[in-house]
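Novice: what's the 3D shape of this:
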Amino acid sequence: MKIRLSVFIVAILITTGCSHIGLKSGPDQSNTGKTESLYNKFIEGNSPNIAQLNLFFSQMPKGGDIHHHYSGSIYAENYLDWVEAADCRIDKNTLKIVKAADVKDSTCCLSVKQLRSDLELYSKLLTIWSDKDYRNHYHQQLPPDLNFFSTFSYFGPISKNHKEGLMILKDQAIGENVSYIETMISSVGYSYQDNSFDENAKKATSPEAVVRLLDELTLKIKADDKFLKKINDFIGEIESAHRGIDDDRFMMRYQVYASRNATPSAVFSSLYAAFLADDKFNLLVGVNLVGPENGLVALADYNLHMQMISYLRDKFPNVNVALHAGELTLGMVPPKDLKFHISQAIHIARVQRIGHGVDLPYEEGALELLQKIKEKSVVEINLTSNEFILGVKDNEHPYLIYSAYDIPLVISTDDSGVSRNNLSGEYVLLAKRYKPGYKTVKKYVFNSIKHSFLSQNEKVLLTNSLDARFAKFEAEMARYYDLLQE
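Specialist: Residues are numbered from 1 along each chain as shown. Now for the predicted structure:
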């Protein structure tokens, strides 16, 4: 009787799926299960299989790249094609672009064809117009952060070819299974200089005083005939450049930005133009501040800039804001400047997304701040950029804190042309360094659509597309898994 009862109990436990008596189910043989097993095999041990991870992530759907700079995401080789098409020259001493009409000494300026025939000079240009070969051989070059930001002064004069540039970015994205890019494309190009405002804003002793000054400056800007014209011209340019971009494989939207290293009146007028343009035109989906966060002006005026964004958020409640905040680390700036950048972006500017967020461990009230970020914001992780500019990587990177606290995260490229990487490479770095589970990787991919600044209908469309893409990808990886078992 006891034997029969035992058999009966075991049968019930097996039927109900109870596992506490040590019964184990077999490996998941679904396509998802096989894909997960394959991924786990590639990341196991102290030396993950990078070649296999490159293959895996190149094939994997990656959703969106939503911390993305337009001009910094086009490769130097493409810019040289544009230089050639514009019949411009390259100064062989400075490696800067010179218009043909401005050439005074033909012996110092080369055509792109001549430049490319001089392999040493051509290679040197690539190391100065981007981060190429920065660490793999000795050469005289700027410190990494200055090298990164100085590249824009070289290709900047030719980078406004938005129509061709957007098509290049689209083709690159489709080639690596990225279905959406939210790129920081440009400023509106409007600036209003008011010396009186600049002096008084720096001396303002309360947020209320800043608001009064901004009210006064706003009236002056609105009275400027160039203000609305600049905005309308900018909208027309983006609308024209965007034609032919969206299709059933890919979608692109745009953030407008202001530079954070200008006078207060110039920063505010540029931000005001950005907010108004965004409010008027549906292809513009957000506003940002760009430029080195450790710049002298950016550091000195950081709180004022947060108050400007807060002011404009009240005026334009439907405009989204993502912000470079905490792109700093110990030694780059004095310790006092590490204590508040993310916090003020969250509490004062009320931003929806934090770009970088690297100084989190040094922020005052970091634990309380983590909870606030979890409730109110999302963090954009840029591993290659953080390693190059800040020297922060591996176990020093706050990804470990954000992921442990279950902060909403997205993986992004920042400036893939300057860094000479792509979104697949960022996922390879993520897997190699931190070994998140496959389900977590997929969550980051879907987060890139969920936390984008698209409309709800567009998010549903891209999410459904991602579901279908993953079904196809996992079927392919399941076949690869079976092949490797043979």
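
Novice: In which helix or strand does Ile66 reside?
Specialist: Assigned by DSSP states H and E, Ile66 belongs to strand 64-69.

Novice: So which elements touch that strand?
Specialist: Based on contacts counted as 3 or more Cβ pairs under 8 Å, 6 or more residues apart in numbering; DSSP states H and E, the elements that strand 64-69 packs against are strand 180-186, strand 353-356, strand 409-411, helix 438-450. Where you see a C-beta, it was placed from the backbone N, CA and C, and this is true even at glycine.

Novice: which residues touch stretch 421-434?
Specialist: 39, 42-43, 48, 50, 53-54, 57-58, 60, 62, 65, 172, 176-178, 381-384, 393-394, 397, 399-400, 403, 411-413, 416, 436, 441, 444 (Cβ atoms under 8 Å, 6 or more residues apart in numbering).

Novice: now it, how far from the centre of its chain.
Specialist: Centroid displacement of stretch 421-434 relative to its chain, using Cα atoms, centre = their mean, to the nearest Å, is 14 Å.

Novice: And stretch 358-371, by the same measure?
Specialist: For stretch 358-371, the distance to the chain centre is 21 Å (Cα atoms, centre = their mean).

Novice: Sort out which residues of the longest helix along the chain are buried, please.
Specialist: The residue-count maximum for a helix in the chain (DSSP state H) belongs to helix 456-485. Neighbour counts over helix 456-485 (16 or more other Cβ atoms under 10 Å) mark 458-459, 461-462, 465-466, 469-470, 473-474, 477-478, 480-481 as buried.

Novice: Next, the contact list for Gln344, please.
Specialist: If a contact means Cβ under 8 Å, 6+ apart, then Gln344 has 302-303, 306, 325 as its contacts.

Novice: so which strand or helix has it?
Specialist: helix 341-347.

Novice: any idea of the mean pLDDT for that helix?
Specialist: Averaged across helix 341-347, the pLDDT comes to 98.

Novice: Next, give phi and psi for Gln193.
Specialist: Dihedral pair for Gln193: phi -100, psi 130, per degrees, to the nearest 10.

Novice: tell me which residues form a beta bridge with Thr183?
Specialist: Beta-bridge partners for Thr183, by DSSP bridges, are His68, Tyr254.

Novice: what's the burial count for it?
Specialist: 21 (other Cβ atoms under 10 Å).

Novice: And Gly175, by the same measure?
Specialist: Neighbours of Gly175 (other Cβ under 10 Å): 11.

Novice: could you point out which element follows the helix or strand of the chain with the lowest mean pLDDT?
Specialist: Ranked by mean pLDDT, DSSP states H and E, the weakest helix or strand in the chain is helix 2-16, scoring a mean of 40. Next along the chain after helix 2-16, taking DSSP H and E as the criterion, comes helix 31-43.

Novice: now the angle between helix 438-450 and that next one, please.
Specialist: With axes from the mean of the first three to the mean of the last three Cα atoms, to 10 degrees defining the directions, helix 31-43 sits at 110 degrees from helix 438-450.

Novice: averaged over its residues, what pLDDT does the very next helix or strand once past helix 31-43 have?
Specialist: Next helix or strand after helix 31-43 toward the C-terminus (DSSP H and E): helix 50-59. In this model, helix 50-59 has a mean pLDDT of 98.

Novice: What is helix 50-59 packed up against?
Specialist: Applying 3+ Cβ pairs under 8 Å, 6+ apart, we find helix 50-59 packed against helix 31-43, helix 423-434, helix 456-485.

Novice: Distance to Lys374 and mean pLDDT added to those, as JSON lines?
Specialist: Output for the helices and strands packed on helix 50-59, formatted as JSON lines (distance: least, Cβ to Cβ, whole Å; pLDDT from 0 to 100):
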{"stretch": "helix 31-43", "distance to Lys374": "26", "mean pLDDT": "97"}
{"stretch": "helix 423-434", "distance to Lys374": "19", "mean pLDDT": "98"}
{"stretch": "helix 456-485", "distance to Lys374": "21", "mean pLDDT": "97"}
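
Novice: Of all those, which one comes closest to Leu95?
Specialist: The closest of these to Leu95 is helix 423-434. By Cβ to Cβ, the value is 26.2 Å.

Novice: Can you give me the domain assignment for the protein?
Specialist: If you go by automatic domain parsing, the domain ranges for the chain are 76-157, 162-448.

Novice: Put together JSON lines for those domains, with distance to His69 on each row.
Specialist: Formatted as JSON lines, those follow (distance: least, Cβ to Cβ, whole Å):
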{"stretch": "domain 76-157", "distance to His69": "9"}
{"stretch": "domain 162-448", "distance to His69": "5"}
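
Novice: Deepest in the core, which of the ones you listed is it.
Specialist: Across those, the average number of neighbours (mean count of other Cβ atoms under 10 Å) peaks for domain 162-448, which reaches a mean of 19.

Novice: Give me the nearest residue to Asp406, chain neighbours excluded.
Specialist: Lys374 (6.9 Å; Cβ to Cβ, 6 or more residues apart in numbering).

Novice: in what helix or strand does that neighbour lie?
Specialist: Using DSSP H and E, Lys374 falls in helix 366-376.

Novice: Just the CA coordinates for that helix, please, in PDB.
Specialist: In PDB, the C-alpha atoms belonging to helix 366-376 read as follows (Å, rounded to 0.1, in the frame of the first residue of the first chain):
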ATOM      1  CA  ALA A 366      23.000  58.500  -5.200                       C
ATOM      2  CA  LEU A 367      20.800  55.800  -3.700                       C
ATOM      3  CA  GLU A 368      17.800  58.100  -3.600                       C
ATOM      4  CA  LEU A 369      18.600  59.300  -7.100                       C
ATOM      5  CA  LEU A 370      18.600  55.700  -8.400                       C
ATOM      6  CA  GLN A 371      15.000  55.400  -7.200                       C
ATOM      7  CA  LYS A 372      14.000  58.600  -8.800                       C
ATOM      8  CA  ILE A 373      15.600  57.600 -12.100                       C
ATOM      9  CA  LYS A 374      13.800  54.200 -11.900                       C
ATOM     10  CA  GLU A 375      10.500  56.100 -11.500                       C
ATOM     11  CA  LYS A 376      11.000  59.000 -13.900                       C
END
